[in-house]
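Asker: I would like the atomic coordinates for the input below:
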Amino acid sequence: MKRVATKLLFVVVLLTGFLSCSKDEGYVENPNEKGLTDCPQGANCSYSYSNNSVFDDATFSIKPGGYRLFWSEVKTPGATANVFLAAPAKGTTFNLGEKEIAEGRLKIFTICPTCFSIPVRVARGTSKGIQLNSYDANGNGKWLVETKLFIESTEPNAKYADTIYIKQYYYLNQK
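Answerer: Now for the predicted structure:
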């Protein structure tokens, strides 16, 4: 039982420590380049985007689609946490909010095969992004994305809620 509790605690810490968290309610202001979030100690983090893509929930993969898909990934030994944002495919800025959450365009996924974890969903939040440089001939560009997501348990008997805050540069996925 102690081992299960330890693993559950690890997942909760991973989610709550996912980059940096804050509990205040608020709107993400215009993104600026100050105060970028750090990768948690001992983790490997990446921030990528893919043009004309969508995240397929059924296969947990990125497929061709009608969005510019941004995702952050935090890998620690035994667990991976991802946040996916499906922004408009065109334009140099975006602002996602409650409507896009209802459409399923802001998502969080945690993969931990050996953890007993609580399933969570994005309850509300905002995400704003701005392209910082022009695309080159290969479609490479640098984006600054600031996201605040309020997550909660999908289980009726589990009372869990938290905030995930990410502010980071995103680069074109080269894979």
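
Asker: ok, what's across the strand from the closest residue in space to residue 93 that isn't next to it in sequence?
Answerer: Leaving aside its sequence neighbours, residue 93 sits nearest to residue 130 (Cβ to Cβ, 6 or more residues apart in numbering; 4.9 Å). Glycine gets a C-beta too; all of them are placed from N, C-alpha and C. For residue 130, the beta-bridge partners under DSSP bridges are residue 93, residue 144.

Asker: repeat that for residue 64.
Answerer: Counting by DSSP bridges, residue 64 is bridged to residue 53.

Asker: now for it, how many residues are close by?
Answerer: The number of residues packed near residue 64 is 9, by other Cβ atoms under 10 Å.

Asker: report the rounded mean pLDDT for the helix or strand containing residue 72.
Answerer: Under the criterion of DSSP states H and E, residue 72 resides in strand 67-76. Regarding strand 67-76, the rounded mean pLDDT is 94.

Asker: circling back to that earlier point, number of nearby residues for the residue nearest to residue 93?
Answerer: With other Cβ under 10 Å as criterion, residue 130 counts 18.

Asker: for the residue nearest the centre of the chain, list each beta-bridge partner.
Answerer: Closest to where the C-alpha atoms of the chain average out (Cα atoms, centre = their mean) is residue 83, at 2.1 Å. In this entry, residue 83 is beta-bridged to residue 72, residue 108, by DSSP bridges.

Asker: can you give me the strands for the chain?
Answerer: Counting by DSSP state E, the segments of the chain that form strands are 44-56, 61-64, 67-76, 79-88, 93-96, 106-111, 120-131, 142-153, 161-172.

Asker: now the last one, how far from the chain's geometric center?
Answerer: Strand 161-172 has its C-alpha centroid displaced from the chain centroid by 5 Å (Cα atoms, centre = their mean, to the nearest Å).

Asker: and the fourth one, by the same measure?
Answerer: Chain-centre distance of strand 79-88: 4 Å, with Cα atoms, centre = their mean.
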